[in-house]
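Asks: have a look; sequence and predicted model below, questions after that.
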Amino acid sequence: MMTPMRFLFVGDSMTIGRAGDYSWRYRMWQHLTSLGEPYEIVGPRTTLYDTEANAPVSTAYADPSFPAEARRHLAGWGEGWLHMAPVIGETVAAHRADIILASLGLIDLGFYTSSDQTAANAREFIAQARLADPHVRMVLLPVIPNVRAESDAPFAAECDRFNVLLAKAVADLDTPASPILLASRPPSYDVHRDTYDGTHPGPTGEHKLAAAFADAMHQAWGLGRPYRATA
């Protein structure tokens, strides 16, 4: 019997989602289920962010039949590489993650750290994950600048610079024992059409984010097949 591949979704507000969302995690669950291979989704959290409560306490997913075990994640509203680097090691160890799918960086650059500091935190994240499991695999999504970048040139430049630094980190740190992939930004992603507020993905954006991870794993590792959006 095949051992299930264990996936850990790591991210910020774009990944945890808010009450009433499907989330790209849900889209990835649909994709993984469609492959017909054993897998598990792991992580210490299961909820969505409740904007009224200003806390991650909602269980109101758009599809109430989204299974409880598939809702697991390590994502937080307002959390970035800065916050995840200190906790990824214990999370990988406790939940025995095989593959980390991480979408982080926008909140760091917007509120907490420079591109250089953010890249340093991404490297620390990778190091801590590998201390927990020297064979863990990772897929990292570049920052997709939000609507703020259209009117804030310094912020836009920091986003671009961070993505260059993240690509360099992946090139420097990728190893056969613990491979790291840099996913491609979805080429058709449009913050005016694929988000509900210029930052957070709506349904079309969720599909495109899930596809970025699924297609990267298929192209580089032969895992699964190309992403096919479902309703």
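Replies: Cool, the structure landed.

Asks: show the average pLDDT along stretch 197-205.
Replies: Taken as a whole, stretch 197-205 has an average pLDDT of 97.

Asks: which residue is the nearest non-sequential neighbour of residue 130?
Replies: Closest residue in space to residue 130, ignoring its immediate chain neighbours: residue 178 at 5.5 Å, by CB to CB, 6 or more residues apart in numbering. Backbone N, C-alpha and C define where each C-beta goes, glycine included.

Asks: okay, and residue 64 sits in which element?
Replies: For residue 64, there is no host helix or strand (DSSP states H and E).

Asks: residue 102 now?
Replies: In this assignment (DSSP H and E), residue 102 forms part of strand 99-103.

Asks: gap between the residue nearest to residue 130 and residue 89?
Replies: To residue 89, residue 178 is 13 Å away according to CB to CB, to the nearest Å.

Asks: buried sites along the strand or helix carrying residue 30?
Replies: Using DSSP H and E, the element containing residue 30 is helix 24-35. Using 16 or more other CB atoms under 10 Å as the test for burial, helix 24-35 gives 24, 25, 26, 27, 28, 29, 30, 31, 32.

Asks: cool, stretch 214-231 as well?
Replies: Residues of stretch 214-231 classed as buried by neighbour count (16+ other CB under 10 Å): 214, 215, 216, 217, 223, 224, 227.

Asks: now the fifth one: phi and psi?
Replies: Torsion angles at residue 223 (phi, psi; degrees, to the nearest 10) stand at phi -90, psi 120.

Asks: verify the stated contact: it with residue 213.
Replies: No. Between residue 223 and residue 213 no contact is recorded; they are 10.3 Å apart, counting by CB atoms under 8 Å.

Asks: just the pLDDT for the nearest residue to residue 72 once chain neighbours are set aside.
Replies: Nearest residue to residue 72, sequence neighbours excluded (CB to CB, 6+ apart): residue 43, at 3.9 Å. Looking at residue 43, its pLDDT is 98.

Asks: give me the neighbour count for residue 43.
Replies: Neighbour count of residue 43, defined by other CB atoms under 10 Å: 21.

Asks: so what's it up against?
Replies: Shown in contact with residue 43 (CB atoms under 8 Å, 6 or more residues apart in numbering): 8, 9, 72, 73, 74, 91, 95, 97.

Asks: 10 Å instead?
Replies: Taking CB atoms under 10 Å, 6 or more residues apart in numbering as the criterion, residue 43 is in contact with 6-10, 25, 71-75, 91, 94-95, 97, 100.

Asks: mind picking the two most distant members of those?
Replies: Across these, no pair lies farther apart than 25 and 94, at 18.9 Å, counting by CB to CB.

Asks: just the CA atoms of stretch 207-223, as PDB, please.
Replies: The C-alpha trace of stretch 207-223 is given here as PDB (Å, rounded to 0.1, in the frame of the first residue of the first chain):
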ATOM      1  CA  HIS A 207      -8.100  28.400  -9.000                       C
ATOM      2  CA  LYS A 208      -5.100  30.200 -10.400                       C
ATOM      3  CA  LEU A 209      -3.100  29.900  -7.100                       C
ATOM      4  CA  ALA A 210      -3.900  26.200  -6.700                       C
ATOM      5  CA  ALA A 211      -2.900  25.700 -10.400                       C
ATOM      6  CA  ALA A 212       0.500  27.400  -9.800                       C
ATOM      7  CA  PHE A 213       1.400  24.900  -7.100                       C
ATOM      8  CA  ALA A 214      -0.100  21.800  -8.900                       C
ATOM      9  CA  ASP A 215       1.500  22.600 -12.200                       C
ATOM     10  CA  ALA A 216       4.900  23.200 -10.600                       C
ATOM     11  CA  MET A 217       4.800  19.800  -8.900                       C
ATOM     12  CA  HIS A 218       3.700  18.100 -12.100                       C
ATOM     13  CA  GLN A 219       6.300  19.700 -14.300                       C
ATOM     14  CA  ALA A 220       9.300  19.300 -12.000                       C
ATOM     15  CA  TRP A 221       8.500  16.100 -10.100                       C
ATOM     16  CA  GLY A 222       5.900  14.300 -12.200                       C
ATOM     17  CA  LEU A 223       3.500  14.500  -9.400                       C
END
